Structures are given as structure tokens and as C-alpha cells.
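**Q** Only the shape, not the letters, is given here:
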DNA sequence: TCTGGGGTCCTAGGACCC
DNA sequence: TCTGGGGTCCTAGGACCC
């Protein structure tokens, strides 16, 4: 092989036996598909604008939980230099000066709008992978659309018409190249939201213009290591030696390089794999010192995690609890700890889980610290229908009727209508959410009101 | 005053088994 | 002098994603 590259089709067997991992898809090239990435533009900001049309060309930002960081920006806000993940409080004056509209995150709204976008896509295309709340991959057989660009533009227009959400579409021979095409669709003003890297006359020249950090799968740590070695662009990364890549960035890094060489290694996942963990954690609105407050918070997070568990029809076999002080406050004493407990039998019973979480918390709690965050992680998940019984203890006769009744009440009358006393009533630790928009599409009481006035009609037939 | 949350995968190393 | 080989499972840590 030239350049020290490993031919994936030739050596796949070797990799398979040596590492027990498949590094590329075993597909004859003629069966290869075209991958398209459909990516909602500035998704959270676009969702907020749907119901505030007067903000269409104004700067908008959306904040993370606890109103901590900026996690979505409209193009106008990006131009002001408001970067992704920046702490809000440091930019408050800039935001006020430029009259940027600020929203706390409203996940009920974004989740519902996302569902509409994905439903639209799935009505139009048979092979869809919902990759995240604002992105989906679709796979198209070669030759299905004579003019891929025209097709992608019409797809974009349809999603816009059905949902009001603007999207960008990138097409490539692999998912990684489709991601790069999607990036070019956004950055290149001539692209008008669609970029097809397959028919480009010189794809390498495009890769030469892409920072290695902007390649899907290369994060800041790996990028720094690569740049230390003089590898700065996607093209240089693509041409790296395979053995070195595998050693330095593990099998995932090698896969990414293969994908840049148009060799598909990452398959379309139409059915999402079973979940392996369910977590709920939050930063506190103000630092928390007392065990009592922490117990309320942890009981509340456990309640939410258990609800997610039942919704997914799963049981948890293991529960983890963690807490930590604010690592940004270097001058304060720091402490962080976590502990795990394997439950006697998998369960989704909230009181049982709250009890276990409370014991774990008491075991790791140390007084004299200002805690900033705590959380609960449920793992060892199994389907609710297949519970493994304990040989030595009698079967758990607790039925699910209590949990079912609570879930029913809370879904009918709103979350938290009925809850365990352990979650408390005061909740001084509760996180901030000062600028949240209404749940326009998911709560009857928060439906938007439309006022229309009709011009006087003088004569009607 | 104020810095998110929820996931996944890979690897190395230790414990343990026969 | 000299102490196996092959395997699984679990965990922690590090990296990535949106």
C-alpha cells in the first residue's frame, strides 16, 4: 500500500481477529450509499423565533440550564462574538448593549419541534437515523436522484414549509464527509444551505481548508496532540499513517481517517440502540452546604430519573450518586465524590431508589464544603418485562400501581403535582430559569393566542 | 453573584477463573 | 536463575458527541 495505508477490505479480517472490532462496513462498493446530513440551523434559537416572528432578523441567544452558558445563538448573535458555551454573566453587558433577546432553555418546546422535523423527514425518506435533537442522517441509494443538489434543495424547502425550521444539508460518500459537507453548506454563502461533496471537482482542496478540530470525532484534546505533530487540516489527517493513527487515537481515530478517504466505516443506525444509562444532574441556583438540602435535591433528581426509566419501560440494576463543589472557584476548598450501589433486584420504584440514593449521599457527604452540583446515574438497565429474580429472597411483591398512579396524575396535572416528601418543599437549591418561553406546543394553558383583525369588507357576494 | 446536561465508546489494569 | 496461558468481567479515566 502506498503512504503506509492499510487497505480496509484486505486487512479487515486481521483487525477483526486482533482487536475483535470491525473497523469498516463490509459492503461491496457498488452497494455504497450516499449519506446526507440534515442539520437544523441554530436549532434552539430557531425554535424560539417560531413563536416570536418579530425576532426573525434580530440577535437571539438561548442559555443552558441554570442560565449558566450560552448554548445557542442566531447568526446575528454569532456576529456579535457570542461564542458557544461562554458563561452568560461575562457577556451580559454586551448582550444588553446590542439588545440581544435571551431565553432560558425550553426543552419541552425544542423536543416537540424536533419531533415534527424528524416526522417530516421520515415521511419523505425510508432510511433515516435521528442523530440528535437537531440532526439526522439519511442514506440514499446511488442513482436514486439524478440531480442530488436539486433534491436536497427541495427537501430543505419542504422541511421549512412544514415546520418553519431552516436546515442545512450536506451530502457525502460517508457520514464524516457528509458532516463536513454540512459545515460547508452553512459557511459557504454561495451554497444556499446545500453542499454536495461527492460531485466536487477537488474534494482534497476542501479538506485542506478544514481545521482538523472541525472533523467529526476529533475533539480539542486530540486536535492539540495532532497539531503538535504538525497535523492541522483535515487533509493532513486523512493522509496520516494508519498504524500511527491507531496507536495515537485508537480505533475510532483510524475509522475517522478512513471515512475521510471515502471508505464508509460508520453505518446508518435506523433503530436506536438500547440505552445504557439514564442520568439526572443539575447545578444549584446557589451553593448548598447542608446535607438536608442535598438530600432534597438528590431525591428530586432520583424521582426524575426513575420517571424517565419507567417511560422507557426499563429497570435499573445499579445506582450512582455524585456531588461536587464549584471547580471554577479555586479559592474555595474542593471536594468531589461518587458512590455506586448495586440494587438487590432491578427496579423502577421511586421510593426504593430514593432510599438507596439517600444512603449513598450520606456516605459521601462531608460537611464544610459549598456544593455546586449533584446528580444521579442509573445503569445496569434491563427491559421491564424481563426481571431476573433473586434465588434467595422472596420475589418483590410491590406492584407498579402506585408508580403508575403517580405518573398518571403528574402527566395530567403537571410534573410535581404529587411527589415524595423527600424531595422537599422549600427547594432553595433549585436552579434558575428566569427567561423561559412558554411551552407553546405541549401545554394547553400555554398555547399562544393569535389575534387577527380583518379588513372591513364592503360588499360580499 | 454568575461557568450545562446527558449520553457513548475505548483502553488499561486488576481480579478472577480454569 | 528460572513461577503459564488464555480468557472474562469490572472499573476508572479519558476522549468524543450534541
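**A** Structure's in. What do you need? Computed from a prediction, not measured in an experiment: that's the story for all the values here.
**Q** Tell me which stretches of chain A form helices.
**A** A:8-19, A:43-50, A:75-79, A:92-97, A:107-124, A:148-163, A:175-187, A:203-208, A:220-228, A:234-238, A:242-260, A:291-311, A:350-364, A:401-413 (DSSP state H).
**Q** Mind putting these into JSON lines with mean neighbour count and distance to residue A:344?
**A** For every residue, glycine as well, the C-beta is placed using N, CA and C. Below are the helices of chain A laid out as JSON lines (neighbours: other Cβ atoms under 10 Å; distance: least, Cβ to Cβ, whole Å):
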{"stretch": "helix A:8-19", "mean neighbour count": "13", "distance to residue A:344": "37"}
{"stretch": "helix A:43-50", "mean neighbour count": "23", "distance to residue A:344": "42"}
{"stretch": "helix A:75-79", "mean neighbour count": "17", "distance to residue A:344": "51"}
{"stretch": "helix A:92-97", "mean neighbour count": "12", "distance to residue A:344": "50"}
{"stretch": "helix A:107-124", "mean neighbour count": "18", "distance to residue A:344": "34"}
{"stretch": "helix A:148-163", "mean neighbour count": "17", "distance to residue A:344": "47"}
{"stretch": "helix A:175-187", "mean neighbour count": "24", "distance to residue A:344": "42"}
{"stretch": "helix A:203-208", "mean neighbour count": "16", "distance to residue A:344": "54"}
{"stretch": "helix A:220-228", "mean neighbour count": "14", "distance to residue A:344": "40"}
{"stretch": "helix A:234-238", "mean neighbour count": "21", "distance to residue A:344": "49"}
{"stretch": "helix A:242-260", "mean neighbour count": "20", "distance to residue A:344": "37"}
{"stretch": "helix A:291-311", "mean neighbour count": "21", "distance to residue A:344": "16"}
{"stretch": "helix A:350-364", "mean neighbour count": "19", "distance to residue A:344": "9"}
{"stretch": "helix A:401-413", "mean neighbour count": "13", "distance to residue A:344": "18"}
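**Q** Next one: residue A:434 from residue A:88, what distance?
**A** Distance from residue A:434 to residue A:88, counting by Cβ to Cβ, to the nearest Å: 11 Å.
**Q** Overlap of the contact sets of the two?
**A** Each of residue A:67 lies in contact with both residue A:434 and residue A:88 under the rule Cβ atoms under 8 Å, 6 or more residues apart in numbering.
**Q** Looking at these two, which has the bigger crowd around it?
**A** residue A:88 (18 against 8; other Cβ atoms under 10 Å).
**Q** got the contact list for the more buried one?
**A** By Cβ under 8 Å, 6+ apart, the neighbours of residue A:88 are A:63, A:67-70, A:95, A:102.
**Q** make it 6 Å
**A** A:63, A:70 (Cβ atoms under 6 Å, 6 or more residues apart in numbering).
**Q** where's residue A:59 relative to DNA strand C, distance?
**A** Residue A:59 sits at a distance of 21 Å from DNA strand C (criterion: Cβ to the nearest atom of the strand, to the nearest Å).
**Q** In chain A, what helix or strand scores lowest on average pLDDT?
**A** Least confident helix or strand, chain A: helix A:8-19 with a mean of 36, by mean pLDDT, DSSP states H and E.
**Q** which bits of chain A sit near DNA strand B?
**A** Residues of chain A that fall close to DNA strand B, judged by Cβ under 7 Å from any atom of the strand: A:19, A:21, A:64-66, A:68-69, A:71, A:85, A:87, A:89, A:246, A:250-252, A:273, A:275-283, A:286-287, A:308, A:326, A:328-329, A:372-373, A:375, A:431.
**Q** Give me the buried entries from the residues you listed.
**A** Buried by 16 or more other Cβ atoms under 10 Å: A:64-66, A:69, A:71, A:246, A:252, A:278, A:280-283, A:287, A:326, A:372-373, A:375, A:431, out of the residues of chain A next to DNA strand B.
**Q** For residue A:323, give the beta-bridge partners.
**A** When assigned by DSSP bridges, residue A:323 has beta-bridge partners residue A:337, residue A:374.
**Q** what number of residues lie near it?
**A** For residue A:323, using other Cβ under 10 Å, the count is 25.
**Q** Roughly how far does it sit from DNA strand C?
**A** Computed as Cβ to the nearest atom of the strand, the residue A:323 to DNA strand C distance reads 15 Å.
**Q** wait, residue A:101 sits on residue A:60?
**A** Yes - Residue A:101 lies in contact with residue A:60 (Cβ atoms under 6 Å); the separation is 4.9 Å.
**Q** what's the distance between the residue nearest to residue A:218 when sequence neighbours are not counted and residue A:227?
**A** Among residues not flanking residue A:218 along the chain, residue A:212 sits closest, at 5.6 Å (Cβ to Cβ, 6 or more residues apart in numbering). Residue A:212 is 7 Å from residue A:227, where distance means Cβ to Cβ.
**Q** And for residue A:76?
**A** 32 Å.
**Q** Repeat that for residue A:417.
**A** 53 Å.
**Q** which ones are touching the residue nearest to residue A:122 when sequence neighbours are not counted?
**A** Excluding the flanking residues, the one nearest residue A:122 by Cβ to Cβ, 6+ apart is residue A:128, at 5.1 Å. Applying Cβ under 6 Å, 6+ apart to residue A:128 gives the contacts A:121-122, A:136, A:138.
**Q** one more time with 8 Å, if that's ok
**A** For residue A:128, the contact set (Cβ under 8 Å, 6+ apart) comprises A:118, A:121-122, A:136-138, A:270.
**Q** Could I get those residues in CSV, plus columns for distance to DNA strand C and pLDDT?
**A** Shown next, in CSV, are these (distance: Cβ to the nearest atom of the strand, whole Å; pLDDT from 0 to 100):
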residue, distance to DNA strand C, pLDDT
A:118, 13, 98
A:121, 15, 98
A:122, 18, 97
A:136, 10, 98
A:137, 11, 98
A:138, 16, 97
A:270, 18, 94
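**Q** May I ask you to confirm that the residue nearest to residue A:218 is in contact with residue A:229?
**A** No - using Cβ atoms under 8 Å as the test, residue A:212 is too far from residue A:229 to be in contact (10.4 Å).
**Q** Can you pick out the residue with more neighbours from these two?
**A** residue A:212 (21 against 11).
**Q** do you know how far the more buried one is from residue A:131?
**A** Distance, residue A:212 to residue A:131, by Cβ to Cβ: 22 Å.
**Q** Quick check, residue A:305 in contact with residue A:281.
**A** No - under the criterion of Cβ under 8 Å, residue A:305 makes no contact with residue A:281, lying 9.2 Å away.
**Q** Now for the two: what residues contact both?
**A** Counting by Cβ under 8 Å, 6+ apart, the residues touching both residue A:305 and residue A:281 are A:376-377.
**Q** tell me the domain boundaries of chain A?
**A** Residue ranges for the domains of chain A, per automatic domain parsing: A:10-39+A:110-260, A:42-109, A:278-409.
**Q** Around the closest residue to DNA strand C within the stretch 1-150 of chain A, how many other residues sit close by?
**A** Residue nearest to DNA strand C within the stretch 1-150 of chain A: residue A:132 (3.2 Å; Cβ to the nearest atom of the strand). Per other Cβ under 10 Å, the neighbour tally for residue A:132 reads 10.
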